[in-house]
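*Asks:* from the sequence below, what's the structure:
(2 chains)
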Amino acid sequence: MESVLRYLLTSPVITQFLLGDAGIWAWPTCETFHFIGVCLLVGIVGIFDLRVLGMAKGLPLASLKRLLPWGVFGFVLAAITGLVFVEGVGANLFGDNAYDVLMRDVYLQLKLIFIGLAGINLLAFYLTGTSRAVDALGPGDDAPGLAKAIAGTSLFLWIGVVIFGRLIPRGL
Amino acid sequence: MELFTSLENSGLATWVREGSALWAFDVILIAHALGMAALVGLSAAIYLRVLGFAPSLPLAPMEGFYPLMWAGFYVNLVSGVLLFIGYPVRAVVAPGFYVKMGGVALSIVFLRRLRRQVFGNPAYLDTRPVPTNGKILAGTALFIWLVTITAGRLMGYSDVPMIQPRTYVATSIITVVLLVGGLIALRLWGGDKQLRQGV
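*Replies:* The predicted structure follows:
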């Protein structure tokens, strides 16, 4: 198990790339797109969650949903660049291994757990029929209790992801 | 410069950098990241709607998010001033610092203009596409956020000058690729007629 993870978590190609000439710009460029991804994800998902919780009630939720692909795009940007940070960690912390970092860094662990929980929360949103219930909400309508609970959980989890993400260097 | 050196040696500056009360520096950075997400993220959502995405979404109620955006701005003003006090010498000699400050100032001007030009004008507020003027405003504002975030991220590298220009170039190239790729994807698979009409 450990050897499989060690193999999967370390990419010599990415590490070599980051150690080469590209290393000068590649790491900060990935960080920049990581932040852009975070802004899109938290902003778009946040607007949706806040509307379900009762803010800006004039927004019909079925229409608001059409902005969500931009939140997904933000997540994809952050996930891809985040993967580069993990796979290429040996280039930034010379000789360190991503597996060891993952085992050692409590904030990275918490961040990944929170992302996982956000995924389960999203699954609950669709599987419990909340998604369809929410689609029917027009301007001024109040969301059902379960929808509000899921939206509140989502906001809490994503804010937690940002907080733990900023703390990752402390746990290295 | 003497002023900034003495600022950097002050007690408050030392606390920002080394304070142990749950690591002052980390708390300030976390506040700065959350403020950014609120200000940039919420305004990006509004700008995307103005550009024509989710055209069935009424614009008027989105004005309700302005107080939260301003809250994000003030959180970042306070945390930003503290970050500056922590490393004033490094900041004032970094060109990126002035790019970032200019970007933030322009962004605030754009947000206020958006409020006047789009939210203050009934003709812009129904669900039909927003007039071209509004779209130009939204597109420019999103571009300024992109530059500001890049400059902000580069503040962490202000002691390594070579990094700055190359990161701007790399960020620009990737943005152009994503934009062109996105437009092509929209043309090829944009079965969503409502979206195409909106754009």
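
*Asks:* let me know the next secondary structure element after the lowest-mean-pLDDT helix or strand in chain A.
*Replies:* In chain A, no helix or strand scores lower on mean pLDDT, DSSP states H and E than helix A:89-92, which sits at a mean of 76. Using DSSP states H and E, the helix or strand that follows helix A:89-92 in sequence is helix A:98-104.

*Asks:* gap between that following helix and the chain center?
*Replies:* How far helix A:98-104 lies from its chain's middle: 19 Å, per C-alpha atoms, centre = their mean, to the nearest Å.

*Asks:* mind listing what the residue in chain B positioned nearest to chain A touches?
*Replies:* Distances between chain B and chain A by C-beta to the nearest C-beta are smallest at residue B:41, namely 1.9 Å. Placement of C-beta: from N, CA and C, glycine included. Neighbouring residues of residue B:41 by C-beta atoms under 8 Å, 6 or more residues apart in numbering or on different chains: A:38, A:39, A:40, A:41, A:42, A:43, A:44, A:46.

*Asks:* what does the least confident helix or strand of chain A rub up against?
*Replies:* A:10, A:14-16, A:18-19, A:23, A:27, A:85, A:96-98, A:101.

*Asks:* buried ones from the residues you listed, can you make that a PyMOL selection?
*Replies:* Here is the PyMOL command that selects the buried residues among the contacts of helix A:89-92 (16 or more other C-beta atoms under 10 Å in any protein chain shown):
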select buried, chain A and resi 10+14+15+18+23+27+85+98+101
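
*Asks:* and chain A, which residues reach chain B?
*Replies:* Within reach of chain B by C-beta under 8 Å from any C-beta of the partner chain, chain A has these residues: A:24-26, A:28-29, A:31-33, A:35-36, A:38-44, A:46-47, A:50, A:55-60, A:62-64, A:66-67, A:70, A:139, A:159, A:162-163, A:165-167, A:170.

*Asks:* among the residues you listed, name the buried ones.
*Replies:* Here, 16+ other C-beta under 10 Å leaves A:24-26, A:28-29, A:31-33, A:35-36, A:38-44, A:46-47, A:50, A:55-57, A:59-60, A:63-64, A:66-67, A:70, A:159, A:162-163, A:165-167 buried among these.

*Asks:* now, which of the contacts of helix A:89-92 sits nearest chain B?
*Replies:* residue A:27 (8.7 Å).

*Asks:* tell me the contacts of residue 18?
*Replies:* Because you didn't say which chain, this covers chain A. For residue A:18, the contacting residues are A:26, A:27, A:84, A:88, A:91, A:92, by C-beta under 8 Å, 6+ apart.

*Asks:* chain B is the one I meant
*Replies:* B:24, B:25.

*Asks:* how about the helix or strand where residue B:14 lies: buried residues?
*Replies:* Using DSSP H and E, the element containing residue B:14 is helix B:11-18. Of the residues in helix B:11-18, B:13, B:15, B:16 count as buried by neighbour count, 16+ other C-beta under 10 Å.
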